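Enquirer: pasting the structure only:
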């Protein structure tokens with residue numbers, strides 16, 4: 001898939017955040033509906049997992065991002081907008097613990113609802129297709145021009161990286 005822009009993405013605006021939040025809301029809400037149809041306790045656990053997962057990703061992944069390291073007191077990225085920076089910036093490569101948390105937190109959030117969605121094929125289809133759409137949008141619009149070169153899925157060319165360093 002050809003990226004939509006060849007320039008590095010230095011800054012985001014509120015509409016970028018809104019675009020990705022709306023895309024991500026579809027699978028999250030689909031999962032919540034599938035869980036809530038069966039158990040409110042499960043829904044509460046899922047909401048708690050989302051909160052904990054977001055905190056873990058902020059601490060172990062986002063705190064290494066150049067967008068996080070900016071002098072602003074609030075985050076301005078495609079996933080968190082106007083959220084205070086709770087953790088100190090830690091620029092540089094992800095260590096092993098960072099990588100484990102970066103992959104495990106979202107994996108838990110994606111796997112947990114499958115317990116209920118597997119019994120609801122219509123919601124499972126919406127969940128999986130909307131996740132695929134979200135991933136494709138991020139991959140197409142962001143990964144080829146992201147300034148977070150230490151990200152494990154960054155796809156900026158070596159040539160483009162060398163012109164910015």
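Expert: Alright, I've got the coordinates. Keep in mind the model is a prediction, meaning the values are calculated, not measured.
Enquirer: okay, CA-based contacts and neighbour counts for the rest of this
Expert: OK.
Enquirer: all strands for the chain, in order.
Expert: Along the chain, the segments classed as strands by DSSP state E run 74-76, 81-84.
Enquirer: Kindly compare burial across the ones you listed and name the winner.
Expert: Mean neighbours per residue, mean count of other CA atoms under 10 Å, is largest over the strands of the chain for strand 74-76, with a mean of 19.
Enquirer: Sheet-wise, list the partners of that one with their directions.
Expert: strand 81-84 (antiparallel) (DSSP bridges).
Enquirer: remind me, longest helix of the chain?
Expert: Counting residues, the longest helix in the chain under DSSP state H turns out to be helix 14-36.
Enquirer: so residue 128 touches residue 27, yeah?
Expert: Yes - Residue 128 is within contact range of residue 27, at 7.4 Å (criterion: CA atoms under 8 Å).
Enquirer: which one of the two has more residues nearby?
Expert: residue 27 (25 against 15; other CA atoms under 10 Å).
Enquirer: Identify the residues contacting the longest helix of the chain?
Expert: Contacts of helix 14-36 with the rest of the structure, by CA atoms under 8 Å, 6 or more residues apart in numbering, involve 42-43, 46, 76-81, 113, 116-117, 120, 123, 126-128, 130-131, 133-134, 138.
Enquirer: Only the buried members of those residues: can you turn that into a PyMOL selection?
Expert: Applied in PyMOL, the following selects the buried portion of those according to 16 or more other CA atoms under 10 Å:
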select buried, resi 42+43+46+76+77+78+79+80+81+113+116+117+123+126+127+130+131+134
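Enquirer: Go through the contacts of helix 14-36 and flag which are in helices.
Expert: 42-43, 46, 116-117, 123, 126-128, 130-131, 133-134, 138.
Enquirer: Return the closest of those residues with respect to residue 156.
Expert: residue 138 (13.2 Å; CA to CA).
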